[in-house]
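J.: Following is a predicted model, sequence given first.
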Amino acid sequence: MDINFNKNEDHNKLLLSELNRRLIKVKLGGGTKGIEKQHTKGKLTARERIDYLLDKNVKSIEIASLAGEDMYPEHGGCPSGGVVVKIGYIKGKQCIVVANDATVKAGAWFPITGKKNLRAQEIAIENRLPIIYLVDSAGVYLPMQDEIFPDKEHFGRIFRNNAIMSSMGITQIAAVMGSCVAGGAYLPIMSDEALIVDKTGSIFLAGSYLVKAAIGESIDNETLGGATTHCEISGVTDYKAKDDKDALDKIKNIVDKIGDYDKAGFNRIDAKKPTENPEDIFGILPKSRADQYDMYEIIKRLVDNSEYEEYKAGYGQTIITCYARIDGWAVGIVANQRQVLKTTGSKTKPTEMQFGGVIYNDSADKATRFIANCNQKKIPLVFLQDVTGFMVGSKSEHSGIIKDGAKMVNAVSNSVVPKFTVIIGNSYGAGNYAMCGKAYDPRLIVSWPSAELAVMSGNSAAKVLLQIEKASLEKQGEKFTKEKEELLYNKIKARYDNQVSPYYAAARIWIDAIIDPLDTRKWISMGIEAANHAPINKPFNLGILQV
């Protein structure tokens, strides 16, 4: 091991420690007092409910655990978006579970809460996964109602999705384990089956105070919309549970009876661990996002037996394309190569150096062909992003880089096999798009703690913005000293660096999670297993391309 390996390892393990610190904090939800309040009412917390529901000692993954981080400080924050979402197994069946966290503003819906719920439903729809709702919510957070209520991707979209999933035959089960009010009352009742917990669960369009104010009727909440009312009088709910655990046990029994699913038929054999030590990733990945490293060494530590079959190895060398297996699943890997290489391809001189992490004409062409091959063979795609963008300059423009880049984007957009994206390092500009960024419908998209997402790096952006601001101030007659220029540069860079952080992206659900690199195989494997629930029913078609 060399000194750089050790320095890289220390740096990346510190990044992982910071991630773990944030996750520990976010798992407290609204805090210990809120947790104690739930327990005093005889209720489990959202996380306790999910832990009880999911099969023990079986792997699971959490979606958007860092949603809402550092957002809404003026409203007291919204840890984890006020809702917990996990993909796991109930009686051996893979499901997605969505649980309101009543320790966060009584489970009220912030804008990010709506976005996270919609993401959970999107995953269920794309993969035809059974979805379980554990409802305990005060409804829309009224001070921000204009940002959660009326638009297409707001609160009402949840119920539209309930209806769509029902028509698709996707199992939806809801348990009302606390408040379920106003428009939110439609979610459990638009599910296939609804449970309600006696004495703690309630469903009504308007609570007793509002009923009194609106029509003058005096009634208590339990009589208005409690478990006995809805199980014995209105018939709104299907099962009455005596407490949280009883409700969760009933869900387990319902899920246990669900029949098998039609499979997409992705290829899987017995899994084998990488022969190269995955822990080496921490030393291979450089401390600086500008430094080079060999992506082949990362791939060897992610794939079964550390084996892969490379496609067009000597052509378009700034993108690696290869077939491999991850946890037994056959995959096609498209990865940015960060190491500076000599090209032997046709569109550049044989001895010309290329910049690692940049997409050139030939690498875009190779990736397009490989993506088409994976679609033809029904092989899921895994994108490993560390990309600074497409190559610029007269040589690339004259060679048609925009045309070649468009082909690659077209192939990614029209791909019918499931796609999974792991942002390892840089994810800048159009490179983010071509390498299957969030806008291109990856089934799951995650980042390592080392990732950066933006139009360009903080350093480059600060230089561009500095020139614009400097020109504007000089027009107004303001004199610019070297000290003032440096001060302004640092101010712009600090602001931009905050926005390129993976935590900024995770808070806004631009990515599904920031993960420990050693969990990458688990995320991809569970993602492909989920995707295997949804048979592919349309052909791969690139449409019209300029060749």
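T.: The structure has been received and is ready for your questions. Treat the numbers as computed from the prediction; the structure is a model and nothing was measured.
J.: what ranges do the helices span in the stretch 401-547 of the chain?
T.: With helices called from DSSP state H, counting those that start in this stretch, the stretch 401-547 of the chain shows them at 401-414, 429-434, 458-475, 482-500, 502-507, 520-531.
J.: Same check on the stretch 51-200 of the chain?
T.: 111-127, 156-168, 186-189.
J.: Stretch 267-282 - what's its average pLDDT?
T.: Averaged across stretch 267-282, the pLDDT comes to 98.
J.: What lies in contact with that stretch?
T.: With C-beta atoms under 8 Å, 6 or more residues apart in numbering as the test, stretch 267-282 has contacts from 8-9, 12-13, 16, 297-298, 300-306, 325, 327-330, 378-379, 517-518, 521, 525, 528. For the C-beta atoms, the positions are set from N, CA and C on the backbone; glycine is no exception.
J.: from those, which would you call buried?
T.: 8-9, 12, 16, 297-298, 300-304, 306, 325, 327, 329-330, 379, 517, 521, 525, 528 (16 or more other C-beta atoms under 10 Å).
J.: Filter the residues you listed down to the ones in helices?
T.: Assignment to helices by DSSP state H places the following of the buried ones among the contacts of stretch 267-282 there: 8-9, 12, 16, 297-298, 300, 521, 525, 528.
J.: L465: which of these is nearest?
T.: Proximity of those to L465 (C-beta to C-beta) peaks at N12, which lies at 29.4 Å.
J.: if we can go back for a sec, got the ones in helices among the buried ones among the contacts of stretch 267-282 as TSV, with pLDDT and distance to K463 columns?
T.: Below are these laid out as TSV (pLDDT from 0 to 100; distance: C-beta to C-beta, whole Å):
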residue	pLDDT	distance to K463
N8	97	27
E9	97	31
N12	98	27
L16	98	31
E297	98	32
I298	98	30
K300	98	36
R521	98	39
S525	98	42
I528	98	41
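J.: Could you dump these into JSON lines and include distance to I24?
T.: Formatted as JSON lines, these follow (distance: C-beta to C-beta, whole Å):
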{"residue": "N8", "distance to I24": "25"}
{"residue": "E9", "distance to I24": "22"}
{"residue": "N12", "distance to I24": "19"}
{"residue": "L16", "distance to I24": "13"}
{"residue": "E297", "distance to I24": "31"}
{"residue": "I298", "distance to I24": "27"}
{"residue": "K300", "distance to I24": "32"}
{"residue": "R521", "distance to I24": "23"}
{"residue": "S525", "distance to I24": "25"}
{"residue": "I528", "distance to I24": "29"}
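J.: Out of these, which comes closest to G393?
T.: If you rank those by distance to G393 using C-beta to C-beta, I298 comes first, at 28.3 Å.
J.: Tell me if I'm right that that closest one and W448 touch.
T.: No - look at I298 against W448 with C-beta atoms under 8 Å: they stay out of range, at 10.0 Å.
J.: hey, what's in contact with both of these two?
T.: By C-beta under 8 Å, 6+ apart, I298 and W448 have these common neighbours: 285, 424.
J.: In terms of pLDDT, where does the residue of the chain positioned farthest from its centre sit?
T.: Most distant residue from the mean C-alpha position of the chain: G477, 47.6 Å away (C-alpha atoms, centre = their mean). G477 is assigned a pLDDT of 78 by the prediction.
J.: do the same with L142
T.: In this model, L142 is scored at 82, pLDDT.
J.: Nearest to A175, out of the helices of the stretch 401-547 of the chain?
T.: Judging these by C-beta to C-beta, what sits closest to A175 is helix 520-531, at 22.0 Å.
J.: Name the residues of that closest one that come out as buried.
T.: 520-531.
J.: and what of stretch 41-58?
T.: Applying a neighbour-count criterion of 16+ other C-beta under 10 Å, one finds 43-54 buried in stretch 41-58.
J.: Could you save those as a markdown table and add columns showing distance to D404 and pLDDT?
T.: Converted to a markdown table, those look like this (distance: C-beta to C-beta, whole Å; pLDDT from 0 to 100):
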| residue | distance to D404 | pLDDT |
| --- | --- | --- |
| K43 | 57 | 97 |
| L44 | 54 | 97 |
| T45 | 52 | 97 |
| A46 | 47 | 97 |
| R47 | 47 | 98 |
| E48 | 52 | 98 |
| R49 | 50 | 98 |
| I50 | 46 | 98 |
| D51 | 49 | 98 |
| Y52 | 52 | 98 |
| L53 | 49 | 98 |
| L54 | 46 | 98 |
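J.: Out of those, which is nearest to G178?
T.: For those, the nearest to G178 is K43 (6.6 Å; C-beta to C-beta).
J.: list the contacts for the closest one?
T.: For K43, the contact set (C-beta under 8 Å, 6+ apart) comprises 102, 136, 177-178, 200, 244.
J.: Can you tell me what sits against the helix or strand containing V255?
T.: Per DSSP states H and E, V255 falls inside helix 244-256. If you take C-beta under 8 Å, 6+ apart as the criterion, helix 244-256 is touched by 42-44, 49, 52-53, 90-91, 93, 95, 130, 132, 171, 173, 175, 177, 193, 195-197, 200, 239, 241.
J.: Output that helix as PDB, nothing but the C-alphas.
T.: Extracted as PDB, the C-alpha positions of helix 244-256 are listed here (Å, rounded to 0.1, in the frame of the first residue of the first chain):
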ATOM      1  CA  ASP A 244     -50.100  -1.600  16.600                       C
ATOM      2  CA  LYS A 245     -48.600  -5.100  16.700                       C
ATOM      3  CA  ASP A 246     -52.000  -6.700  16.100                       C
ATOM      4  CA  ALA A 247     -52.400  -4.500  13.000                       C
ATOM      5  CA  LEU A 248     -49.000  -5.400  11.700                       C
ATOM      6  CA  ASP A 249     -49.500  -9.100  12.400                       C
ATOM      7  CA  LYS A 250     -52.700  -8.900  10.300                       C
ATOM      8  CA  ILE A 251     -50.800  -7.300   7.400                       C
ATOM      9  CA  LYS A 252     -48.200 -10.100   7.600                       C
ATOM     10  CA  ASN A 253     -51.000 -12.600   7.300                       C
ATOM     11  CA  ILE A 254     -52.600 -10.800   4.300                       C
ATOM     12  CA  VAL A 255     -49.200 -10.500   2.500                       C
ATOM     13  CA  ASP A 256     -48.500 -14.200   3.200                       C
END
